[in-house]
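Colleague: Here's a sequence, model it:
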Amino acid sequence: MPDASFAGQQETFLNVQGFDAVLVAVKHVFASLFNDRAISYRVHQGYDHRGVALSAGVQRMVRSDLASSGVMFSIDTESGFDQVVFITSAWGLGEMVVQGAVNPDEFYVHKPTLAAGRPAIVRRTMGSKKIRMVYAATQEHGKQVKIEDVPQEQRDIFSLTNEEVQELAKQAVQIEQHYGRPMDIEWAKDGHTGKLFIVQARPETVRSRGQVMERYTLHAQGKIIAEGRAIGHRIGAGMVKVIHDIGEMNRIEPGDVLVTDMTDPDWEPIMKKAAAIVTNRGGRTCHAAIIARELGIPAVVGCGDATERMKDGEKVTVSCAEGDTGYVYADMLDFSVKSSSIDTMPDLPLKIMMNVGNPDRAFDFGLPAE
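Modeller: Numbers count the residues shown, from 1 in each chain. The predicted structure is shown next:
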């Protein structure tokens with residue numbers, strides 16, 4: 001099933017202790033094959049419910065609650081540029097990154113420079129990293145993990161060293177070469193030993209199979225209401241619906257702009273109705289961002305206070321077509337889209353060169369060039 005990630009569809013249990021507890025957790029994993037979000041996801045993807053098998057993996061816990069963890073892709077998630085590794089990182093267990101509960105640090109590593117043995121980090125952005133998930137003391141109240149605030153001094157520094165970023169990128173390249181395709185990888189750093197561990201690897205499902213190039217162009221500029229990290233390169237417009245809890249999902253109508261604090265895979269049934277998605281929290285590698293890309297819905301994540309700035313019923317335009325930063329504009333602005341099939345493009349009797357004036361768009365224009 002190369003076109004579906006199943007990101008976050010099944011349950012994950014952390015810091016499970018004791019054989020009996022592991023056995024119970026495995027049963028809950030099997031049962032999650034038929035939870036609401038998994039059923040909805042398979043219906044949308046057109047898969048037979050009884051044609052999908054599920055296995056449960058049991059791994060030793062990496063003590064990333066004492067260090068950091070995150071997700072990395074062996075291509076740029078937004079442009080599909082395949083000469084970089086994109087890494088996100090935050091303090092504590094990785095669940096906060098994949099859930100979209102934190103705004104993580106971001107790193108881009110250039111593969112050819114890395115292969116040449118030279119410093120290869122071409123861009124890094126510090127996230128706010130306000131909270132983290134850690135072990136609960138003696139599994140208090142039956143909970144294995146808890147969420148706590150990150151001290152300000154840790155928020156103000158990167159959660160990985162440059163050396164660790166490059167080591168992770170090397171592992172991503174090796175995994176990509178092993179499977180022969182771009183990969184979506186979860187990693188964790190052990191706080192006791194300082195070692196980096198790969199805890200999951202699955203195929204990237206969107207950019208690596210794209211055979212159609214789309215160029216969205218915004219033809220007007222309006223008042224900026226909110227901004228954050230752009231997911232995808234599309235533009236969407238519609239009426240704002242501020243949703244504070246998943247219990248309000250019945251309020252979302254097709255074509256609305258979904259605005260909320262954060263989303264997780266449980267929100268997939270209403271995400272596919274939306275013209276665009278805007279969240280206060282989250283990064284480009286969280287499960288909700290992965291699903292938004294699969295659905296082809298523009299999303300702006302990590303806005304900070306979008307639920308306060310945006311009001312129910314107002315009309316907005318959400319643009320992810322202007323580089324790394326996504327913008328929410330007041331009013332319904334005019335835009336256009338041009339599609340081109342890569343398969344039908346003619347061979348050119350010349351060498352292609354380009355001059356890119358906006359560094360944020362460089363990956364977008366990363367076609368084979370000389």
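Colleague: List the residues that contact residue 236.
Modeller: Counting by CB atoms under 8 Å, 6 or more residues apart in numbering, residue 236 touches 257, 274-276, 297-298, 317-318. To be clear about C-beta, it is placed using only N, CA and C from the backbone, and glycine gets the same treatment.
Colleague: Could I get the phi/psi values of it?
Modeller: phi -140, psi 150 (degrees, to the nearest 10).
Colleague: From residue 259, how far off is it?
Modeller: Distance of residue 236 to residue 259, given as CB to CB, to the nearest Å: 12 Å.
Colleague: Low-confidence stretches in the stretch 51-200 of the chain?
Modeller: 138-142 (pLDDT under 70).
Colleague: let's see 90
Modeller: 51-57, 59-61, 77-81, 98-100, 135-145 (pLDDT under 90).
Colleague: Kindly report the same for the stretch 251-370 of the chain.
Modeller: 263-272, 284-296, 323-324, 338-370.
Colleague: ok, residue 67 touching residue 189?
Modeller: Yes. Under the criterion of CB atoms under 8 Å, residue 67 makes contact with residue 189 at 4.1 Å.
Colleague: before we move on, the earlier item: who touches both of residue 236 and residue 259?
Modeller: By CB under 8 Å, 6+ apart, residue 236 and residue 259 have no common neighbours.
Colleague: So which residues of the stretch 251-370 of the chain form strands?
Modeller: 257-260, 276-279, 299-301, 315-319, 325-330, 335-341 (DSSP state E, counting those that start in this stretch).
Colleague: Tell me which of the ones you listed lies nearest to residue 119.
Modeller: Proximity to residue 119 (CB to CB) singles out strand 325-330 among those, at 25.7 Å.
Colleague: For the closest one, buried residues please.
Modeller: Residues 326-329 are the ones in strand 325-330 that count as buried (16 or more other CB atoms under 10 Å).
Colleague: ok, now stretch 297-317?
Modeller: Counting neighbours by 16+ other CB under 10 Å, stretch 297-317 gives 297-303, 306-307, 309-310, 316-317 as buried.
Colleague: swap in stretch 186-203?
Modeller: In stretch 186-203, the ones that count as buried by 16+ other CB under 10 Å are 186-191, 196-201, 203.
Colleague: how about those, which pair is most distant?
Modeller: Among these, 191 and 203 lie farthest apart (CB to CB), at 29.8 Å.
Colleague: show me what contacts the residue nearest in space to the middle of the chain?
Modeller: The centre of the chain sits closest to residue 285, judged by CA atoms, centre = their mean, with a distance of 2.2 Å. Residues counted as contacts of residue 285 (CB under 8 Å, 6+ apart) are 70-73, 77, 86, 88, 97-98, 104, 184.
Colleague: please redo it, this time with the cut-off set to 6 Å
Modeller: The contact partners of residue 285, by CB atoms under 6 Å, 6 or more residues apart in numbering, come to 71, 88.
Colleague: Residue 15 now?
Modeller: 61, 135, 144-145.
Colleague: roughly how far apart are the spatially closest residue to it that is not a sequence neighbour and residue 191?
Modeller: Excluding the flanking residues, the one nearest residue 15 by CB to CB, 6 or more residues apart in numbering is residue 144, at 3.9 Å. As defined by CB to CB, residue 144 lies at a distance of 17 Å from residue 191.
Colleague: measure stretch 185-196 end to end?
Modeller: 13 Å (CA to CA, to the nearest Å).
Colleague: List of residues touching it?
Modeller: For stretch 185-196, using CB under 6 Å, 6+ apart, the contacting residues are 62-64, 66-69, 71-72, 94, 167-168, 172, 197-201.
Colleague: wait, doesn't residue 266 sit right on residue 38?
Modeller: No. Taking CB atoms under 6 Å as the definition, residue 266 is not a contact partner of residue 38, at 10.0 Å.
Colleague: higher neighbour count, those two?
Modeller: residue 38 (21 against 17; other CB atoms under 10 Å).
Colleague: Derive a ChimeraX selection command for the buried subset of the contacts of stretch 185-196.
Modeller: Buried residues within these, by 16+ other CB under 10 Å, are selected in ChimeraX with:
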select :62,63,64,67,68,69,71,72,94,168,172,197,198,199,200,201
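Colleague: Just the buried positions in stretch 239-249, please.
Modeller: So, applying 16+ other CB under 10 Å, buried residues of stretch 239-249: 240-243, 249.
Colleague: CA atoms of stretch 222-231 as CSV?
Modeller: What follows is stretch 222-231 as a C-alpha-only set of coordinates in CSV (Å, rounded to 0.1, in the frame of the first residue of the first chain):
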residue,chain,number,x,y,z
GLY,A,222,-4.8,40.8,2.1
LYS,A,223,-4.4,41.4,5.8
ILE,A,224,-2.4,38.6,7.5
ILE,A,225,-4.4,37.2,10.4
ALA,A,226,-2.0,34.3,11.3
GLU,A,227,1.1,32.6,10.1
GLY,A,228,2.9,29.3,10.8
ARG,A,229,4.7,26.4,9.0
ALA,A,230,3.2,25.6,5.6
ILE,A,231,2.1,22.0,4.9
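Colleague: buried residues in it?
Modeller: 222, 225-231.
Colleague: picking that back up, between the contacts of residue 236, which sits nearest residue 363?
Modeller: When the contacts of residue 236 are compared against residue 363 (criterion: CB to CB), the nearest one is residue 298, at 17.2 Å.
Colleague: Using the three-state scheme, assign the residue nearest to residue 314 when sequence neighbours are not counted.
Modeller: In this structure, residue 314 finds its nearest non-sequential neighbour in residue 240, 5.1 Å apart by CB to CB, 6+ apart. The local conformation at residue 240, judged by DSSP: H, G, I helix; E, B strand; the rest coil, is strand.
Colleague: now the buried residues of stretch 239-249 as TSV including pLDDT and distance to residue 131?
Modeller: Formatted as TSV, the buried residues of stretch 239-249 follow (pLDDT from 0 to 100; distance: CB to CB, whole Å):
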residue	pLDDT	distance to residue 131
240	97	26
241	97	26
242	96	22
243	94	21
249	86	24
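Colleague: Perfect, that will be all.
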